[in-house]
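>>> build the 3D model from these lines:
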Amino acid sequence: MKTTMRDTFLATVLEEMRASPDIVLLSADFGAPAIDAIRAEFPDRFVNVGIAEQNLINLATGFALEGFRVIGYAIAPFITMRCFEQIRVSLAILSQLRPMNVTLVGVGAGFSYDVSGPTHHCIEDLAVMSALPNLSVYSLSDHTQAPLFAKHCLATPGIKYLRFDAKPHEPVCDAGNDGLIERGFRVLNAGRDLAIVSTGYMSHVAWSLLPELREEGIDPLLIDLVAYNCVDTAALEAELAHVPRTLLLQEAVLDRSIENTLRRMAGGKLEAMGVGDRYIFEIGSRDQIHDAAGIGRAQVLDRILQHHAALA
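Model prediction:
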């Protein structure tokens, strides 16, 4: 069934708030039916700060220092980049000195808000947030993962950033999420011809290519990477050790931390596809924007076939 990460996440948060009086939800004037339910049931533990993400971070810090577990909820580019200095100083730096539990939830990863243009596209957040010490970044691929990470983040001290797609989607596949919290990734297909490591929405793209790749005689190792900057590197390296080449797919700018990590693991045998060093001003559907950015399905398939042929 198609549903959003946001809805399944907030439904789990509501259950947790019913069980624990120390959970606070802050919103930067960003609504949802599940938010209305939380506001109605817990008016003393929900604050709409208005269109003021900087204030949201400051309030989150204050609540956290008083012992509350805090969730900050807003549109992805605004809760990461508009208030970056507050995140850096009040959360990343201060959390090294004081115990805190704050989870920032950004809705609208990558090109989720496709027709809204580059002001609402969010292709820098993985790099920006991964640059901060003391902050874990999670890039979810479907709504089945959201309840797991709602509980994990509330139960785990520290500062976290969860990156959600804005649109409703079916689950990527029926692979399940066993071991996802511990390892930070899951294997969608255990092939050996090459590895495709994808994150967020691009895991849907990678999975959709599987029938075409098999028709070409290619059985890929498909890895859905969720713990973007805090993955179990030993476990990931063990999976990649059995394939001759690795392709990284992300709806984000290239040359960032996970690309460098994979390049080191792959011994130089990594090809990366993502958004180049530019913003996308073309207006169109998500698929059209992917084509303009160089990460369309046909472009991904063509790149895989080229590199597989080179290995033959």
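>>> alpha carbons only for contacts and neighbour counts from here, please
Noted.
>>> beyond the helix or strand residue 12 falls within, next helix or strand please.
For residue 12, the host element (DSSP states H and E) is helix 5-19. Later in the chain than helix 5-19, the nearest helix or strand by DSSP H and E is strand 23-27.
>>> buried set for that next one?
23, 24, 25, 26, 27 (16 or more other C-alpha atoms under 10 Å).
>>> please apply the same query to stretch 44-53.
45, 46, 47, 48, 49, 52, 53.
>>> and for stretch 14-31?
14, 16, 17, 22, 23, 24, 25, 26, 27, 28.
>>> next up, the contacts around the first one.
It stands for residue 14. By C-alpha atoms under 8 Å, 6 or more residues apart in numbering, the residues touching residue 14 are residue 38.
>>> now it: how far from residue 106?
18 Å (C-alpha to C-alpha, to the nearest Å).
>>> the last one too?
For residue 28, the distance to residue 106 (C-alpha to C-alpha) stands at 11 Å.
>>> how about the third one?
Going from residue 17 to residue 106 by C-alpha to C-alpha gives 20 Å.
>>> swap in residue 284?
Distance of residue 284 to residue 106, computed by C-alpha to C-alpha: 22 Å.
>>> tell me which of the two has more neighbours.
Set side by side, residue 284 and residue 106 show more neighbours around residue 106, with 25 against 14, by other C-alpha atoms under 10 Å.
>>> so what secondary structure elements neighbour the helix or strand where residue 71 lies?
Assigned by DSSP H and E, residue 71 belongs to strand 69-75. Secondary-structure packing of strand 69-75 (3 or more C-alpha pairs under 8 Å, 6 or more residues apart in numbering; DSSP states H and E): strand 23-27, helix 53-65, strand 101-107.
>>> low-confidence regions, the protein specifically.
Counting by pLDDT under 70, the low-confidence segments of the chain come to 255-260, 264, 268, 277, 312.
>>> one more time with 80, if that's ok
Scanning the chain for pLDDT under 80 picks out 1, 254-271, 276-279, 310-312.
>>> so where do the strands sit in it?
Using DSSP state E, the strands found in the chain span residues 23-27, 46-48, 69-75, 101-107, 135-139, 158-164, 185-190, 195-198, 221-225, 246-253, 270-275.
>>> format the ones you listed as CSV; extra columns: distance to residue 61.
Putting the strands of the chain into CSV (distance: least, C-alpha to C-alpha, whole Å) gives the following:
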stretch, distance to residue 61
strand 23-27, 11
strand 46-48, 14
strand 69-75, 8
strand 101-107, 8
strand 135-139, 14
strand 158-164, 10
strand 185-190, 29
strand 195-198, 32
strand 221-225, 29
strand 246-253, 28
strand 270-275, 33
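>>> out of those strands, which comes closest to residue 57?
strand 69-75 (7.6 Å; C-alpha to C-alpha).
>>> what sits against the spatially most central residue of the chain?
Geometric centre of the chain, nearest residue: residue 139, 1.5 Å, by C-alpha atoms, centre = their mean. By C-alpha under 8 Å, 6+ apart, the contact set of residue 139 is 162, 163, 164, 199, 200, 225, 226, 227, 228.
>>> is it true that the first one touches residue 145?
Just to be clear, that refers to residue 162. No. Here residue 162 lies out of contact with residue 145, judged by C-alpha atoms under 8 Å, at a distance of 10.9 Å.
>>> returning to that earlier point: tell me, what's touching residue 28 and residue 106 both at once?
73, 74.
>>> what's the domain layout of the chain?
Here the domain parsing of the chain from the TED database is 5-164, 180-310.
>>> turn these into a markdown table, columns for distance to residue 170.
Listed next are those as a markdown table, based on distance: least, C-alpha to C-alpha, whole Å:
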| stretch | distance to residue 170 |
| --- | --- |
| domain 5-164 | 7 |
| domain 180-310 | 9 |
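>>> could you say which of those is packed most deeply?
Greatest average neighbour count among those goes to domain 5-164 (a mean of 20), per mean count of other C-alpha atoms under 10 Å.
>>> first-to-last residue distance for that one?
6 Å.
>>> distance from that domain to the middle of the chain?
Centre-to-centre, domain 5-164 and its host chain are 12 Å apart (C-alpha atoms, centre = their mean, to the nearest Å).
>>> check stretch 226-239 too.
14 Å.
>>> just stretch 192-210 next, same as before
Distance, centroid of stretch 192-210 to centroid of chain: 15 Å (C-alpha atoms, centre = their mean).
>>> and residue 221, bridged to which residues?
Residue 221 has these beta-bridge partners by DSSP bridges: residue 190, residue 195.
>>> from residue 73, how far off is it?
As judged by C-alpha to C-alpha, residue 221 and residue 73 stand 34 Å apart.
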